[in-house]
Structures are given as structure tokens and as C-alpha cells.
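**Student:** Let's see this in three dimensions:
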Amino acid sequence: MKAYDTVIGLEVHAQLLTRTKIFCGCSTKAGLSPNTNTCPVCTGMPGVLPVLNRKVVDFGIMLGLATGCRIASRCIFARKNYFYPDLPKGYQITQYEHPLCEGGEILIETGQGIKRIGITRIHMEEDAGKTIHDEKAPSSYVDYNRSGVPLLEIVSEPDITSTDEAVAYLRELRQILMYLGVCDGNMEEGSLRCDANVSVKPAGSSRYGTRTELKNMNSFRNVQRALQYEIERHIEIRESGGEVVQETLLWDPSRGVTVSMRSKEESHDYRYFPEPDLVPLEIDAAWIDGVRSGLPELPFARRKRFIGQYGLPAYDAGVLTQTKTVADYYEECVRLLDRPKEISNWIMTEVMRVLNEQGIAITGLNVSPEMLTGLIALIDRGSISGSMAKEVFAEMAATGDSAGSIVEKRGIGQISDEAELRSLAREIIDAYPDEAGRYRSGKAGLLGFFVGKLMKATRGEANPKLASRIIKELLEG
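**Tutor:** Residues are numbered from 1 along each chain as shown. Below you'll find the predicted structure:
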């Protein structure tokens, strides 16, 4: 079999977290009864005029700046004409020749190092409605509540050469959108939708192969599975002497195959022309600078800073910066208690476990940074052991009580009184003279035997480090 290069470009639609739709005052709130969140504008009634939501432009500029794009000083909306039941006007208001942003990049981490994935364009557009198919009858219904909800479409350059890179790019883009607060990134619910153009070509060739477009990939796993299946399908066709047909395909996750949807349209099929009901949008430097001043530190930069500033491994930094809220929580903890790695360990284990079990974000956690660092401080002072601390944390997460109040209420804590432990240790050593003699003859492993006896005598409440030191001193003294 010949060697082949894979060429992938992604088109991502991000649903924006504005309160109202892009061209009217209807709410963007999801989950309402069908066709109750509409007006003449978003249902395309004759004679109505769209009015642009400025917040949509702000969000588009934010993403453009975050990805290093050129922000257009003048951009124009266009009509994309096609007929489908969920498109009430018979056209979609989008952007074509004059988009909001062009020429940016996203950096991803690969096994070979950092790779740049170019961004061709970012443009604003309105969403369509939703077609609902009745499973019990040969009927379909249309809900226009989503019609007019604002979207940003982010189109990458065909720089992606593997399924792993595609997922890495999508994850990084999703993180950026969530850090900016412009999209919630929920792929399962359709807030973030990914289409992919994929082709293969003989290794080293400069000529691209025929591409197909993939839709209906609602998770990172499905993106990877669908792309891998389609790459292998292209190679199999070429190896058998056939030709790949340019078409749009749907991913069927239950069967693990792609299914033909329609022949792939070209731009001329949509008969784009400038939107006559919207004037060209002028964006001056002051507008861009105002948006720039509100940009947060972005995930790629924050990961690098966590590694450098706090001495964390790359893995820890990646986990802690997955969301802005977790990263903020971590930094507040470190501000309160200078134990960067210890705090990282607690967040990556106990905190994340509770978040997963309760299905909540860290903003809903009962344990504040002050409470978590208070718990860690008790361990550092030897007031409680690590195993006790995990039990205390579980109760903190369930009740919202502080570590100190739980320890006091339950009467738990480590015995760190050196005189008390030394007295108990002498009694234990005197009770086991043979073992003490063997230890002094070189059986150093018997230290654990005596520590275990002391821990048992104190019902596990002795400070293990202190107990070990005292017994060693007594045996060797």
C-alpha cells in the first residue's frame, strides 16, 4: 500500500452567550416550548428589518484578537440562499467576501512539539431553526426558537494532518471560547458544532485529493472516530482504483460509519450577494482597543505560566487550566498558602472527584479556597493525617463546614504530643525485646513493625512521621 498524507480543515460553529438574538430582541434562552421565542424578524415575515446586536460584534472581535486575526475595519453581511424547512426566510444572513476576522492561528501541542494551525476566517451569522422528526408518525415539525441565535463560524486552514491534531485544535479552540466567556462549549447540546473537510493524497504530493465534508460529530471522540473512518475509506477507494466523490456525509456513531447526505455544494450554489437590509459595519481602532482591554489571560499562556511560576509538571498545568474557573480557584489557593504542588494534587484528585460525582462546576463547590488551604494547613501542622484529611474533605464538600469545625466536632486529630508518644513507644519496645534486639542487629525493616504497634495503640491517631522518628531514636539510642 502507498503512503498517504491526510489533509483536514475544520469549520466550527460557536453559539454565542448573548442574551438576545443577532438581529432582533428575542431571548436566546434554550429549552422553551417550540415557537414561543420568536418574532416577525427571526421568522422572516415580509417587510421586517434586522438590527445588528453589538454584543455579537464584540464577541467576534474578542475571538479574533485571541487568535491573532486581523480585524476588518469594514465588513459586510451577505445572504446565503438555500431552501430548507428550518430556514424561515429562504436565506441565511452570514458573511462571505468581507468577514469580521481573517488570518489568525491557534497553537496546539503535539508529540513533535508546538504546531501552528492557521485560521482562514471568523465570521458572524445567524442560526437556523430546528427540524424535529416524529418517531411514531411519518411527520416532521419545525421549531424556530433557535432561528436567529448568533453564531461565530471559525474556519481553519487545511493545516491539520491527523485525527489527534484535529481533536487538539478543537479542544484548544473550545478552551479559548470558554475563557473568553463567549460560548459555553457544550458539544452534546449543539452550542459548539464541528464540520470537517477531509482528503488524502500521496505522501509528499502538493496536489490535494478530492475532499468530503463530515457533519453530525457531537463530541471529541466522535470527531476522532469519524475522521479516522473517512481517512481509511478514502485510502481504500484510491487503493482499489476508484475515485473519491465530493459529497457531504453524516457520521452515524451507532454504526461507526459515514452516510451520504448530499453532493457537496460550492459557494456559487448559494448565490451569495450583499445583504441589502444591513449597512456595512465600520469598526474603528477605539472599538478594537476597548475589546482588547477586557481580554483575559488565555489557556495556552496560562499553562506555560503555571509551569514556570509554580514549578508544576505540564500535566498538572493542563488539568488545572482546563477551565478558567478551576485555574482561578487554584491561583487563589496558592495566594493563601504557598504549597503549589500540594494544592495541585488536592484539586486534581479530591476536588475533581467531587465535581464529577456531583456534576457541578467548581463555582458550585461547598469548599472555598480558604477552606481547602485551611485543611492543608492542618496536615502541615501535623494536626491530622493525610487519610483523615480526605475524610474531612468529603464532609466539607457535603456540608460546607470548615475543616477545623469538623475535626473538633468529630474529636479526630493526630497525636503530636512528643512526650505522650515517647512514653507509649518505650512501653511497646519494652514489650517486644526480641524484635528490638533484631532491629539493633541490622534488621532495619522492623522499624515499621514498631510504628504499626504505636499506630494501633493510638487508634491510628499518632502523627506517623513523629512516631517513626521517636521509635528510631529510642531503638538506636
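
**Student:** C-alpha only now, for contacts and for neighbours.
**Tutor:** Noted.

**Student:** Quick check, pLDDT for G411.
**Tutor:** For G411, the model assigns a pLDDT of 68.

**Student:** now swap in L454 and tell me
**Tutor:** 83.

**Student:** Can you check my assumption that it lies in a strand?
**Tutor:** No: applying DSSP: H, G, I helix; E, B strand; the rest coil, one finds L454 to be helix, outside a strand.

**Student:** how about the helices in the stretch 151-300 of the chain?
**Tutor:** Here the stretch 151-300 of the chain has its helices, by DSSP state H, counting those that start in this stretch, at 163-180, 220-239, 285-292, 299-310.

**Student:** same check, this time on the stretch 351-477 of the chain
**Tutor:** 352-358, 369-380, 386-399, 403-410, 418-431, 433-440, 447-457, 464-476.

**Student:** can you tell which of the ones you listed is closest to D289?
**Tutor:** With C-alpha to C-alpha as the measure, helix 369-380 is the member of the helices of the stretch 351-477 of the chain nearest D289 (33.7 Å).

**Student:** what's in contact with the closest one?
**Tutor:** Contact with helix 369-380 is made by 329-330, 332-333, 336-337, 343, 384-386, 389, 393, 402-404, as judged by C-alpha atoms under 8 Å, 6 or more residues apart in numbering.

**Student:** Of the residues you listed, grab the buried ones for PyMOL.
**Tutor:** Command for PyMOL that selects the buried part of those, burial taken from 16 or more other C-alpha atoms under 10 Å:
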select buried, resi 329+330+333+337+343+384+385+389+393+402+403
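
**Student:** which of the contacts of helix 369-380 lies closest to A431?
**Tutor:** Proximity of these to A431 was ranked by C-alpha to C-alpha; the top entry is S385 with 26.6 Å.

**Student:** quick one, what contacts Q95?
**Tutor:** 76-79, 123-125 are the contacts of Q95 under C-alpha under 8 Å, 6+ apart.

**Student:** give me that answer again for 6 Å
**Tutor:** 77-78, 123 (C-alpha atoms under 6 Å, 6 or more residues apart in numbering).

**Student:** Most neighbours among these, please name it.
**Tutor:** Using other C-alpha atoms under 10 Å as the neighbour test, the contacts of Q95 are led by F77, with 26 neighbours.

**Student:** pLDDT value on the closest residue to that one other than its chain neighbours, please?
**Tutor:** The shortest distance from F77 to any non-neighbouring residue, by C-alpha to C-alpha, 6 or more residues apart in numbering, is to Q95 (4.6 Å). pLDDT recorded at Q95 is 98.

**Student:** Quick check: Q95 vs R54, distance?
**Tutor:** Q95 is 16 Å from R54, where distance means C-alpha to C-alpha, to the nearest Å.

**Student:** centre of the chain versus the biggest strand by length in the chain, how much separation?
**Tutor:** Counting residues, the longest strand found in the chain (DSSP state E) is strand 113-126. Centre-to-centre, strand 113-126 and its host chain are 17 Å apart (C-alpha atoms, centre = their mean, to the nearest Å).

**Student:** buried ones in the helix or strand that comes right after that strand?
**Tutor:** Downstream of strand 113-126, the first helix or strand assigned by DSSP states H and E is strand 130-133. Going by neighbour count (16+ other C-alpha under 10 Å), the buried part of strand 130-133 is K130.

**Student:** any weak-confidence spans in this structure?
**Tutor:** By pLDDT under 70, the weakly predicted segments of the chain are 1, 264-267, 411, 413-417.

**Student:** How is it partitioned into domains?
**Tutor:** 4-289, 299-410, 418-476 (automatic domain parsing).

**Student:** Run the chain-centre distance for the longest one.
**Tutor:** Going back to what we said before, that points to domain 4-289. 18 Å.

**Student:** distance between the ends of it?
**Tutor:** OK, domain 4-289 end separation, C-alpha to C-alpha: 45 Å.

**Student:** Could you do stretch 25-34 as well?
**Tutor:** By C-alpha to C-alpha, one end of stretch 25-34 lies 17 Å from the other end.

**Student:** Mind listing residues that contact it?
**Tutor:** 19-21, 143.

**Student:** Could you work out the most separated pair of those residues?
**Tutor:** R19 and D143 (19.1 Å).

**Student:** neighbour-wise, which of those two wins?
**Tutor:** More neighbours surround D143 than the other of R19 and D143, with 19 against 14 (other C-alpha under 10 Å).

**Student:** residues contacting the more buried one?
**Tutor:** 34-35, 129-130.

**Student:** let's go with 10 Å and repeat that
**Tutor:** Listed by C-alpha atoms under 10 Å, 6 or more residues apart in numbering, the contact partners of D143 are 33-38, 85-86, 128-132.

**Student:** So which elements touch the one helix or strand V326 maps to?
**Tutor:** Assigned by DSSP H and E, V326 belongs to helix 324-336. If you count contacts as 3 or more C-alpha pairs under 10 Å, 6 or more residues apart in numbering; DSSP states H and E, helix 324-336 packs onto helix 163-180, helix 299-310, helix 314-320, helix 340-346, helix 369-380.

**Student:** Columns distance to I283 on top of those, output as a markdown table?
**Tutor:** Converted to a markdown table, the helices and strands packed on helix 324-336 look like this (distance: least, C-alpha to C-alpha, whole Å):
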| stretch | distance to I283 |
| --- | --- |
| helix 163-180 | 20 |
| helix 299-310 | 27 |
| helix 314-320 | 36 |
| helix 340-346 | 43 |
| helix 369-380 | 41 |
